Every structure is written in C-alpha cells, then in structure tokens.
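Student: Task: produce atomic coordinates for the following.
(2 chains)
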Amino acid sequence: MSDFIPHTKEEINQMLKIIGVNSIDDLFSDIPQNLRTKKFNIPEGLNEIEVERKITKLANKNKSDLICFTGGGYYDHFIPAAVDTISARSEFYTAYTPYQPEASQGTLQAIFEYQTMITQLTGLDYSNASLYDGGTALYEAIAIAVRTNNKEKIIIDKGVNPLFRKIVKTYSINLPIKITEVELKDIYTDKDKIKKLLDDETAAIVTQNPNFFGVIEDYEDLFSYAREKGISAILVFYPVSLGILKTPKEMKADIAVAEGQSLGLPLCFGGPYLGIIAVDKKYLRKMPGRIVGETKDKEGKKAYVLTLQAREQHIRREKAMSNICSNQALCALRATVFLSLLGKKGFEELALLNLEKTEYLKEKLSKINNLKIKEGDTFNEFTAEVKKDAFALVKETINRGFSGGLPAGFFYEDKKNYLIISVTEKRTKEEIDAFCDILKEIL
Amino acid sequence: MKTIFEKSIQGKRAVQFGKINNKIIKKIDEKFLRKTEIKLPEVSELDIIRHYINLSKLNFSVDTEFYPLGSCTMKYNPKICEKLAMQKEFLNLHPFLSYIDENTVQGALEIIYEISDLLCEITGMEKITTQPYAGAHGELTGVLLMAAYHKNKGNNKKFVIIPDSAHGTNPASAAMAGYSIISIPVDKDGNMDINILKEKINDEVAGIMMTVPSTLGLFENNIKEIIEIAHKYDALMYYDGANLNAILGKLKPGEIGFDIIHINLHKTFSTPHGGGGPGSGVIGVSKKLVDFLPVPIVIKENEKFKLDFNVKNTIGSVASFFGNFQVLLKAFIYIILLGKEGLIAVSEIAVLNANYILAKLKNFYDLPYNRKCMHEFVISAKKQLKNDIRAIDIAKYLIDNKIHPPTIYFPLVVEEAIMIEPTETESKQTLDEFIEIMVKIAELSEKDPDKIKQAPEKTPILRPDETKAARELKLKCDI
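Tutor: Model (predicted):
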C-alpha cells in the first residue's frame, strides 16, 4: 500500500495532544455515528510494482497500433517531443489556476501567448484562456449570441460535427434557446434553405468548415447576409486547416470555435482536449471563461493578470456569462508550444502535407471499383460512397490492422454507405498504398 | 520576460518536414484559401525550450512550494500515476474506435467501468457518468439531471436552494439549467440556517445544492434533517464534492440520502490541476436518476465491455466522448494504489493536519466559528485589520516566504476570510514552518505593519495594477 502520508506515529500523537483530543476518531465527532460508513468495500492498496503490472496489462488490451484513417473531428497528428517536455514540467502541471499573479507569471504569460496565437490563426480579435472541448465551446458561442442579440432562434447546418450538436441540444434544453437543424443537400450545405430560415427571431447561424464530411465551403456571402440582419455568424473550424484555408475573419464570422485536439494533444480516447473560442471585439465582454491581460506592477514592470473577471461565476454567481471555472489550461499550454515549434512556415507546411497525402489517396481510390469519391474540394478528409455498408467495411479494415475511416451512418441514418476518410501527415506512402489495396480487396 | 513573439526572427525554424510540394495548393479553389499571413513565432527549438522552461520557473506549484489553498485540495500528485497514464496504448487510442469495434478498446473501457464502480462504492451512489470535464461541468450535468427528473414526473419546479457560503459555480450552474436561486444564510454556528430553510422551501424547489463539509470547513450538523425536509417536497439533494477529501471511508453521501454528487477527481483523487485544468467532475446519482444519465455508458456483458446508448430518458451528452479520459486513468491508478486503508488515512490525516494548524493559530487570528474543523478551516484577518492589514496583505507576505497563499475572501460570508487546507500529504515540519510564519505575520501586524504592506518583494513581479489591466485592455502580444 502507498498513501503518500509523511507522518510518523509519534508526530500524529504529538499533534493530537496539541489539538486536545485523544484519537483521530475524536476529530470526526461532528459526523453522527448513525450516519457513518459501515462498509467500505474497496480492495487493499497496491505498491508501485503491482500497479504498473496491472495498468500495463490493461493498456495492452487496447489495439492502439491500428494505422489510422479515422478522423471525424479528432485526428492522428504528429506531436513533436518538445511539447511533452514542456507540459511535463511540474511547475506547470502541479500549479493551480493563476489567481495569485506574483506566484504564477509563468502560467499567465503562457496563456497570454496562447490567446495571441488563437487570434493569429482565426484572424479574430480576442480569445479566452480555453474551454473544455469543441462541443462545449460551440454551446458557449451560441450563448454569447443569444445574450447579445436577445433572441432565441439558432440555425445550425447539419454539416456541423454531430457530437457538438448533441452537446448543444443537451445544454440548451431548459433555456430560451430554440435550435433548428438544417438538412444537408447530400453532404453539402443548403445555403438557400438556410437563407430563408434567417428571420428577425434568429440569434445566430452556425456552420462548419471543412464540414463533417470533409467538404470545404465558402460561407462569406451567407455570413455577410446574416450579419446585415443582426444575426451572429458562428463558424466551427479545424485548426490545422487554417494553415492554408480561409480564416473565420475572412469568412466574416463573428465568433469561431474549434476542437483544439489537433494542436499537440494525443487522441487519448476522448480527452483531455481543448475548447477554442475567438470573438470579434464587440463580443469580448460576453465571452465566458478566464482571460489574461497585460498590465504593470507597482514599479512599472510588465505583469500579467486574470482580467475582466466581472464576467465570471466567482464574482457574478448566477448572473455570470457561464459557470465555467476549471478549464483545459495544460492543453492550451501544449497548443502554445506546438504552434511555437511549427512556427509561421511549419504551420503552413503541415497543412500542405495533409493536403498532399489526402490528394494522393483520393487519386488512388478514384481507380477502385464500387467506390465513388464525393465531389468538392477537401482538406485532409473526404467522403467516399461505397457499394457496401460502411460500418461493416471499417470493421474489416480493423481485422487487417487499419482503422479505415468513420462510417457516416452512425450519425446520418440515410448515409450508411458513406465512409469518411482522413489522412494526416503521419501516414506514409506505403501505408496509403496498403490501405488502397485492402479497400480494393474488400470491395 | 519577453514573449515568444518578441523572440521571433524571420527565417528561424524549429520543426521541419522536409520536402513540401507547394503546387498541391492548386487542388483547392483560390476562393477557399487564406489571404492573411499567420504571424506565428519564428524561433529555434532551443529558444522554445528555454523560453517555456524559464517561464515555468516563475510559477509556484505543489512540487515546489506548500500550497494550502482552501477548497482546492492541492495535494501531492504521485509520479507513478503520471508515468502510467502516458503509455502509448492509451495516448494513441482514437475515441471513435469505441463506436466502430469495442474489441479494440477493451482496456480503456475496463478502466472507465472500474473507476465508476469504485467511485460508487466510495460515495454510496448507484451509477456514475464520467463525462463532465470539471467540477462546474459536473454541477451543470447534475442540475440538468435534476431538471429531467422533475420534468419526467410532471413536477413544476422553478428554484434551486443554495447556501450563501457555496462556491459561485453552484448558482451559475443552476442558472444555466434554467433555475432561479434561493439563497440561505448560515447561522451563528456556521450551519445552513434551518429555520430560514423551512420558511423558504416550497413545492417549486427542484433541489438543494450543498457542499459537505461546507466551505467553512465545518460538518453540517443538521444534514439529516435538511435531507428529510428536501425529500418531503420532492426536492433532490445535490452534494458538491469539492470537499470530499474530508470524508473518505467516514460518510457516504448516497447512503445518507443525497441524490446527486459531483466528484472533483483533480482534488480528492490527486490528479494534477495543470495550472487551471484539465480536471474531471464525474457525477454519481441515486437510483431515481439512473434513467436520465448521459450516453454512452460503459457496461459489462459476458466479461466484455460495451457502450450502451439506450438509457431510457437520457439528457443527451455533455462531452464528446467519456470526459477527460486521461484524468480518469490517473485517478483510477491513485485509488488502486491507496486502497481501502490508504483512502481512509487520506481523510484522517487531512483532518488532523487542518485541526493542528487551527489549534496553533486560533490565538493569533479571529476564528469566526470556534468548532473542530474538517479538512480545512476559515480564519479572518479582522484582528489585523485594525492595523490596516488585510487578508490580501497576508497572502502577499506568504508568497515572499515561499508559501502559496490560502484562498482569500472566500467564503463571502466571512469578512477578510483566509481559508486554509493543508491536505494529508504535507508533513508536520512543513505545517510548523507555515504556522511560524503566520504567527510572525500576526506579530508584525502589530509592530511593523508596513513590512507586510510592502510584500511581495522577492517575486518576479511586485503587486500588479489590476485596475489598469481591466481599463486599458491588452489581451494579446503586439506583433
């Protein structure tokens, strides 16, 4: 057993004496006997050797070496070693929220740099210190629009990640927020239909680029149209794609949100991830979560502090912009280091590499029978229509050492033959070739 | 320190990918492409390593300083938990594999299943969802469950009762789930004022959110009666688990009648705070709420772990997948490492440490409630205030003495509050050093208050101008 308690028996006795009680049990006398725990059915503790054995055994029950062509908003990107080196610094990971600025300039400056990088990526004016994940970030963006415009109706394109949409619906259920999801035309946004739905009651419109099927679209006209009507334009983006794709700002979005997993975070079975949000300056004071600002100390030296705290729950309680307190700070730190390591040139190159490898696979697949690649420009993910149930197909690729995409049918009942395939910079030519051969065989 | 952007020099590189085919960009229509430059820093790998390592040195952390931050449970984070949670068999696991083929993720599902089981036993609850990413996220999930329960029964509920000593997240979470708040003051002993509760409770109350022990570090004497009153009105009892570190093996909230609990794994179960996150706010519920839990839930069938999406009246999902999986994994390792005896010892020594400091400080500081405390306690700087020394001044002086300050100005019900939570992993020697400095502060406030007012002097920055930060907003680097 290990308990990390440093006391000797003598010390415990000395301490009890100073407190003026006879036993540790006396310290718990405020808890009435009849409420006390009778049975505490937890196994005996283990030592480090035993724990390591047990966890390694569990780890080995996972098939983590599948060659990954599955994305769906969560991608198998390369993580440079230096990201782990920095996030493994105790001074970062065992610190608390930087409420005491004199004792947390490290965390505060790192967040300040993170906020800057997010505004560089998106082109928008401000970012906060992080939210939980992409889906919860989308809810918060919608809440900003509802608060600002004082209207209830939200129009969401069904090309937005279905997991995000589910979170938004769950969050909104008891609030004055009315969500209308707009059917896709096959896998493409039905812009005309959306335009018709934008009325005086609408608070926001939400689209995603590239959308869940990998399709790149331009929403500039749609967003401009919405903004003229006083409707907030919210864009869900994929961070890595912004190395080459049109920014949320260029697209005329007011608020942009993303799942930040692609920026130096391992897939890790769903988390911890990173909720990114960036806003136009007019929404700054409605944005939830922590924000770091620069100021001066009493001798005029540059200093960083948490600022605009009157938006937050510890000051405003039920009138706060959100209930968020703990966020994903360490994940934001990883993203900051990741973006520094790639730098201006490397970030663009990363996007180009993803595009190149994806185009290579598309080219090869275009020659396969019983598979048709859907039309439209794409980044590192695309949709193929297959003459087979896509779910069964992916299962077969797993038996051959690949995780061969995401069957769209999980989320779109009418698209059981649609397979969403993603290719990152990690895939080699040999892996892509082998994947093609396997698909050819199965189909 | 300069920012990483100020260190940027055109043409410098860190990560390189080799040959890039720039022509590939032609595959995408011009109108979809980015026009503005991304001004990310241009620096070498060593520049980056030095920059962030040097930044890290400007922080206080559990691994470098005593951190008695009340309500935050800044205990030691065992390194074995960190190490084992970094295995590539976990890190490389795509979450969608759980949808496609459960056989590929049996180890990960088993961990979620097992930690849920252990947390049920620890808290006395019936079932767990691991989805919430943080304490406040757990609160929101809990109150959404509360709302779903009442809706299903056709109850017309509009209010949630919250004591005024509660964390700000409680009212904020209840509001996000559509409820209005009824605030109940504390009585002279630090308990929720039960007479006011009896006056205010009515058929439209959906639930009562309580932190036990309270944020004053006190065990709620009337807890049983409060639970009975609540249930009489079909109001659900919510247990805010921020202070669970005080009661492991001593009290199971589920057994005494709580219906919902959130558990901050990053407090009681020792996963690191990460400078503000990631945490985990796992939710446990009693029998009457299991049909409303978020999906998917991990179940065990014929010795195999599976996802169950068919929860009868599910509220939906509050996270993309299973919550912060890696945090769950670290907490799981911690629990099996400590085991039954270890977990009981956690609460016993946490309570011993707090009472020891309290006993040593109570003659020097005002003690708003003169009772035995649980794992933390609140003192007030009221005595020092007559020499113009406030809680914030005491905090800053502690920083100069290489101790992270306690939580200050919370709970709001105590004037000049100083909330001290030592945790069980701190030794008597560390506590004695802290006590010595706190006593010295009390003496200095009488003899030489200016000395305290000047603090901190040994830190990377002196007291910052927070008003300027909020008035002349600068929220990103100049580039």
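Student: Could you list the low-pLDDT ranges of the chain?
Tutor: Assuming you mean chain A. Within chain A, the segments meeting pLDDT under 70 span A:1.
Student: report the longest strand in it, please.
Tutor: As assigned by DSSP state E, the longest strand anywhere in chain A is strand A:202-209.
Student: Which SSE is immediately downstream of that one?
Tutor: helix A:220-228 (DSSP states H and E).
Student: domains in the chain, as residue ranges please.
Tutor: Using chain A here. A:67-77+A:344-442, A:81-338 (automatic domain parsing).
Student: meant chain B actually
Tutor: For chain B, automatic domain parsing gives the domain ranges B:81-337, B:345-453.
Student: how about those domains in JSON lines, adding mean neighbour count, mean pLDDT and distance to chain A?
Tutor: For glycine as for every other residue, the C-beta is placed from the backbone atoms N, C-alpha and C. Putting the domains of chain B into JSON lines (neighbours: other Cβ atoms under 10 Å in any protein chain shown; pLDDT from 0 to 100; distance: least, Cβ to the nearest Cβ, whole Å) gives the following:
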{"stretch": "domain B:81-337", "mean neighbour count": "22", "mean pLDDT": "97", "distance to chain A": "3"}
{"stretch": "domain B:345-453", "mean neighbour count": "21", "mean pLDDT": "97", "distance to chain A": "4"}
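Student: Can you add distance to residue A:18 and give these back as CSV?
Tutor: Formatted as CSV, these follow (distance: least, Cβ to Cβ, whole Å):
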stretch, distance to residue A:18
domain B:81-337, 18
domain B:345-453, 5
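Student: re earlier: so which of the domains of chain A is nearest chain B?
Tutor: Closest approach to chain B among the domains of chain A (Cβ to the nearest Cβ): domain A:81-338, 2.9 Å.
Student: The closest one: end-to-end distance?
Tutor: End-to-end span of domain A:81-338 (Cα to Cα, to the nearest Å): 10 Å.
Student: between the domains of chain A, which gets nearest to residue B:416?
Tutor: Closest approach to residue B:416 among these (Cβ to Cβ): domain A:81-338, 16.6 Å.
Student: how far does the closest one sit from the chain's center?
Tutor: Distance of domain A:81-338 from its chain centroid, counting by Cα atoms, centre = their mean, to the nearest Å, is 9 Å.
Student: sorry, back to before: which one of the domains of chain B lies nearest to residue A:234?
Tutor: Taking Cβ to Cβ, domain B:81-337 is the member of these nearest to residue A:234, at 17.8 Å.
Student: so how far is that closest one off the chain centroid?
Tutor: Centre-to-centre, domain B:81-337 and its host chain are 12 Å apart (Cα atoms, centre = their mean).
Student: what's the answer for stretch B:21-29, then?
Tutor: Its chain's C-alpha centre and that of stretch B:21-29 lie 47 Å apart, by Cα atoms, centre = their mean.
Student: quick one: terminal-to-terminal distance for that stretch?
Tutor: End-to-end distance for stretch B:21-29, by Cα to Cα: 17 Å.
Student: Now it: buried residues?
Tutor: Using 16 or more other Cβ atoms under 10 Å in any protein chain shown as the burial criterion, the residues of stretch B:21-29 that qualify are B:24, B:28.
Student: Just the strands from the stretch 251-400 of chain B, written as ranges.
Tutor: Assigned by DSSP state E, counting those that start in this stretch, the stretch 251-400 of chain B shows strands spanning B:260-264, B:281-285, B:297-301, B:304-308, B:377-380.
Student: The stretch 51-200 of chain B too?
Tutor: B:127-129, B:159-163, B:180-184.
Student: The strands of the stretch 251-400 of chain B into a markdown table, with extra columns for distance to residue A:301?
Tutor: As requested, the strands of the stretch 251-400 of chain B are exported to a markdown table (distance: least, Cβ to Cβ, whole Å):
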| stretch | distance to residue A:301 |
| --- | --- |
| strand B:260-264 | 35 |
| strand B:281-285 | 37 |
| strand B:297-301 | 51 |
| strand B:304-308 | 54 |
| strand B:377-380 | 32 |
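Student: Out of the domains of chain A, which is the most enclosed?
Tutor: Highest mean neighbour count of these: domain A:81-338, a mean of 23 (counted as mean count of other Cβ atoms under 10 Å in any protein chain shown).
Student: Just want the angle from the longest helix seen in chain B to strand B:281-285.
Tutor: Longest helix in chain B, counting residues (DSSP state H): helix B:325-361. Interaxial angle of helix B:325-361 relative to strand B:281-285 (axes from the mean of the first three to the mean of the last three Cα atoms, to 10 degrees): 90 degrees.
Student: which one's the longest helix in chain A?
Tutor: helix A:329-365.
Student: Which other helices and strands does that one contact?
Tutor: helix A:81-87, helix A:90-93, helix A:105-122, strand A:371-373, strand A:381-386, helix A:429-442, helix B:45-56 (3 or more Cβ pairs under 8 Å, 6 or more residues apart in numbering or on different chains; DSSP states H and E).
Student: please redo it, this time with the cut-off set to 6 Å
Tutor: helix A:81-87, helix A:105-122 (3 or more Cβ pairs under 6 Å, 6 or more residues apart in numbering or on different chains; DSSP states H and E).
Student: what does the stretch 101-250 of chain A have sitting close to chain B?
Tutor: A:101-107, A:109-110, A:113, A:115-116, A:119-120, A:123, A:126, A:132-133, A:135, A:163, A:166-167, A:169-170, A:174-175, A:216, A:218, A:244-247 (Cβ under 6 Å from any Cβ of the partner chain).
Student: Just say helix, strand or coil for residue A:294.
Tutor: strand (DSSP: H, G, I helix; E, B strand; the rest coil).
Student: ok, it touching residue B:474?
Tutor: Yes: using Cβ atoms under 6 Å, residue A:294 is in contact with residue B:474, at 4.3 Å.
Student: beta partners for residue A:302?
Tutor: Beta bridges link residue A:302 to residue A:296, judged by DSSP bridges.
Student: brain fart, residue A:235
Tutor: Beta-bridge pairing for residue A:235 (DSSP bridges): residue A:207, residue A:256.
Student: mind listing what it touches?
Tutor: By Cβ atoms under 6 Å, 6 or more residues apart in numbering or on different chains, the contact list for residue A:235 reads A:248, A:251, A:253, A:256.
Student: center of chain A, which residue is that?
Tutor: Closest residue to the average C-alpha location of chain A: residue A:259 at 2.7 Å, with Cα atoms, centre = their mean.
Student: Nearest spatial neighbour of that one, chain-adjacent residues omitted?
Tutor: Spatial nearest neighbour of residue A:259, excluding adjacent residues (Cβ to Cβ, 6 or more residues apart in numbering or on different chains): residue A:134 at 2.9 Å.
Student: Okay then, goodbye and thanks.
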